[in-house]
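Asker: Here you go, sequence then predicted model.
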Number of protein chains: 2
Amino acid sequence: MTGDLRGKLGAQHLPLRDQVLVALRTAIINGDYLPGERLTEDRLAEDFGVSRNPVREALRVAEAEGFVVILPRRGAVVASPSSGTVADMFAVRERLEALAARLAAERATAADVAALRELLDQGHEATERHDLRRVAELNSALHLRILQISGNPWLSSITKALYLHVQWVFRLGAAERAPHSWAEHIQLVDAIESGDGDRAELAALAHLGAAYVAAHENAEGGYQAR
Amino acid sequence: MTGDLRGKLGAQHLPLRDQVLVALRTAIINGDYLPGERLTEDRLAEDFGVSRNPVREALRVAEAEGFVVILPRRGAVVASPSSGTVADMFAVRERLEALAARLAAERATAADVAALRELLDQGHEATERHDLRRVAELNSALHLRILQISGNPWLSSITKALYLHVQWVFRLGAAERAPHSWAEHIQLVDAIESGDGDRAELAALAHLGAAYVAAHENAEGGYQAR
DNA sequence: AGATTGTTCTTCGTATACACTCGCCGTGAC
DNA sequence: GTCACGGCGAGTGTATACGAAGAACAATCT
């Protein structure tokens, strides 16, 4: 898109508002700010060591992304993902990740597949070490990589956003379910390597279905609404 | 051209930033601001008769939604939907609208179906009157209504955002394809009424496929304002 | 007690200031 | 003539201050 003006340098500077947005998102996902918690602009500005303006701009984007809810003239609170919307989220994600798997299967180069296998290996290793944090990281990396291979920027950005929310729900719940999800990943990469779109879609659906059950259980036992 | 925009923002009770966002989106979709056009904060502030702050907050959200591209320290320009991303957009929309159709079929009440039929009738009438603008409105209303019936807020908000982009591409292209799309709508509503999820999905896919061909042709032909 | 009033906190919007970066353009050196 | 340098203006990025409006809550009054 709009390739004419881009490409020059100076793009390496991340505006403060973006840094704030990233920090805010991760703080919410990590549970540093709990659902229902009030987020006054002053407080966030102080927490992040910036003025209110960057905070306000980051808040608007966070609202658009569904991480916070802004009540007019009342301010922002951390959104509360109810178990109802978790189900809705997975229903959408199921379709999107299935499409991503199909496109990836149809378009993956040998190098793409090699990169996926590399992630798979690292994941296997980390699982044996019981390094759950690293497993979760590699889990994300794998999904993101498949999205990238799909080559559809819309699909990619939408699914990434949803994926962040999934991570949020997972963290809020108690345990990671990482161990047994890894076998599903192998199935998925195998299917992508085969180039068979239908098979890749089915593998993605199976994976998502299992993930949903885990997330849903977490959400049920997790936190209070509002 | 700036006068009418300014007048609309006067006497309402939504936060200014939201009014600016709506005005900005519609201005972009209507082609008042053309792809690649530079959007300086000062100019937008003047166009909408507000200060820079609401404009900035609206711009960040518009960026997140994909309507503008913001280059660090350079400012915002209207995004350019290339024909490549139009194909990607429809690939995603196809899946989402198919899901919406399925959910709607499974959950629609008699009242929901009646509302859809009402829209269908109005659409038929408007088509006979060759009132293309009204037909386009009813077209949107029908799709939005189906999303609402689906009862999945994630699906709804994501698809709405995509739908706005589709409208953008349509307006940039030359003619509306409204007339023959109406038959497909009838098929779709029939399927929803039947409560048969598979059938509703297929109807949605057929509709989207036809719409894609039209949109793609428009995008190929390049953009001309109005 | 119940209604009214007032205080306080916070957002919302405006205004202003200033550093920084980028692109443009004129000037001068070669 | 052309190329490099440097000044200049435009515009963003950030900070800060200020006032208005609204909501929540406590205090006051009847």
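Answerer: That came through fine.

Asker: Quick one: mean pLDDT for stretch A:45-57?
Answerer: What stretch A:45-57 shows for mean pLDDT is 92.

Asker: Name the residues that touch that stretch?
Answerer: Stretch A:45-57 has contacts (CB atoms under 8 Å, 6 or more residues apart in numbering or on different chains) with A:15-17, A:19-20, A:23-24, A:41-42, A:44, B:53, B:56-57, B:60. The C-beta positions use only the backbone N, C-alpha and C, and glycine is treated the same way.

Asker: so how many other residues sit close to residue A:129?
Answerer: Here the number of neighbours of residue A:129 (other CB atoms under 10 Å in any protein chain shown) works out to 10.

Asker: Can you give me the domain assignment for chain A?
Answerer: Here the domain parsing of chain A from automatic domain parsing is A:16-78, A:83-221.

Asker: among these, where is the model least confident on average?
Answerer: With a mean of 87, domain A:83-221 has the lowest mean pLDDT of the domains of chain A.

Asker: circling back to that earlier point, and which of the contacts of stretch A:45-57 is nearest to residue A:73?
Answerer: residue A:41 (12.7 Å; CB to CB).

Asker: and the closest one, how many neighbours?
Answerer: 15.

Asker: Tell me how far it lies from DNA strand C.
Answerer: The gap separating residue A:41 from DNA strand C is 4 Å, by CB to the nearest atom of the strand, to the nearest Å.

Asker: Settle this for me: that residue is touching residue A:70, isn't it.
Answerer: No. Counting by CB atoms under 8 Å, residue A:41 stays clear of residue A:70, with 10.6 Å between them.

Asker: where along chain A do the helices fall?
Answerer: Using DSSP state H, the helices of chain A run over A:16-29, A:41-48, A:52-64, A:83-107, A:110-128, A:132-150, A:153-172, A:178-194, A:197-221.

Asker: Out of these, which is closest to residue B:184?
Answerer: helix A:83-107 (20.7 Å).

Asker: Mark which of the contacts of stretch A:45-57 are buried, thanks.
Answerer: Neighbour counting by 16 or more other CB atoms under 10 Å in any protein chain shown classes A:16, A:17, A:20, A:23, A:24, A:44, B:53, B:56, B:57, B:60 among the contacts of stretch A:45-57 as buried.

Asker: quick one: contacts for the residue nearest to residue A:95 when sequence neighbours are not counted?
Answerer: Closest residue to residue A:95 apart from its sequence neighbours, by CB to CB, 6 or more residues apart in numbering or on different chains: residue B:95 at 4.5 Å. By CB under 8 Å, 6+ apart, residue B:95 lies in contact with A:95, A:96, A:98, A:99.

Asker: quick one: contacts for the third one?
Answerer: Shown here is residue A:98, whose contacts under the criterion CB under 8 Å, 6+ apart are A:201, A:204, A:205, A:208, B:95.

Asker: any chance of the contacts of stretch A:45-57 in CSV, plus distance to DNA strand D?
Answerer: As requested, the contacts of stretch A:45-57 are exported to CSV (distance: CB to the nearest atom of the strand, whole Å):
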residue, distance to DNA strand D
A:15, 4
A:16, 3
A:17, 5
A:19, 7
A:20, 9
A:23, 13
A:24, 14
A:41, 10
A:42, 10
A:44, 11
B:53, 7
B:56, 7
B:57, 11
B:60, 9
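
Asker: first vs last residue of stretch A:104-112, how far apart are they?
Answerer: 9 Å (CA to CA, to the nearest Å).

Asker: if we can go back for a sec, let me know which of the helices of chain A is the nearest to residue B:147.
Answerer: Among the helices of chain A, helix A:83-107 sits nearest to residue B:147 (CB to CB), with 11.7 Å.

Asker: For the closest one, buried residues please.
Answerer: Quick answer for helix A:83-107 (16+ other CB under 10 Å): A:83, A:85-86, A:88-105.

Asker: now that helix: how far from the chain's centre is it?
Answerer: 12 Å (CA atoms, centre = their mean, to the nearest Å).

Asker: okay, the angle between that helix and helix A:132-150?
Answerer: 50 degrees (axes from the mean of the first three to the mean of the last three CA atoms, to 10 degrees).

Asker: Report the inter-axis angle for helix A:83-107 versus helix A:178-194.
Answerer: Using the same axes, to 10 degrees: helix A:83-107 against helix A:178-194 is 30 degrees.

Asker: what does chain A have sitting close to DNA strand D?
Answerer: With the criterion set to CB under 7 Å from any atom of the strand, chain A comes near DNA strand D through A:15, A:16, A:17, A:50, A:51, A:52, A:53, A:54, A:73, A:74.

Asker: Put together a markdown table for these, with distance to residue A:162 on each row.
Answerer: Below are those laid out as a markdown table (distance: CB to CB, whole Å):
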| residue | distance to residue A:162 |
| --- | --- |
| A:15 | 25 |
| A:16 | 26 |
| A:17 | 23 |
| A:50 | 28 |
| A:51 | 32 |
| A:52 | 30 |
| A:53 | 29 |
| A:54 | 26 |
| A:73 | 30 |
| A:74 | 27 |
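
Asker: Adding distance to residue B:122, write the contacts of residue A:98 out as JSON lines.
Answerer: Listed next are the contacts of residue A:98 as JSON lines, based on distance: CB to CB, whole Å:
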{"residue": "A:201", "distance to residue B:122": "38"}
{"residue": "A:204", "distance to residue B:122": "40"}
{"residue": "A:205", "distance to residue B:122": "38"}
{"residue": "A:208", "distance to residue B:122": "39"}
{"residue": "B:95", "distance to residue B:122": "28"}
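
Asker: ok, the closest residue in space to residue A:210 that isn't next to it in sequence to residue B:79 distance?
Answerer: Closest residue to residue A:210 apart from its sequence neighbours, by CB to CB, 6+ apart: residue A:184 at 6.2 Å. Counting by CB to CB, to the nearest Å, the gap from residue A:184 to residue B:79 is 36 Å.

Asker: List the buried residues for stretch A:131-151?
Answerer: In terms of neighbour count (16+ other CB under 10 Å), stretch A:131-151 has its buried residues at A:134-136, A:138-139, A:141-143, A:145-151.

Asker: Which one of those residues is nearest to residue B:156?
Answerer: For the buried residues of stretch A:131-151, the nearest to residue B:156 is residue A:147 (22.1 Å; CB to CB).
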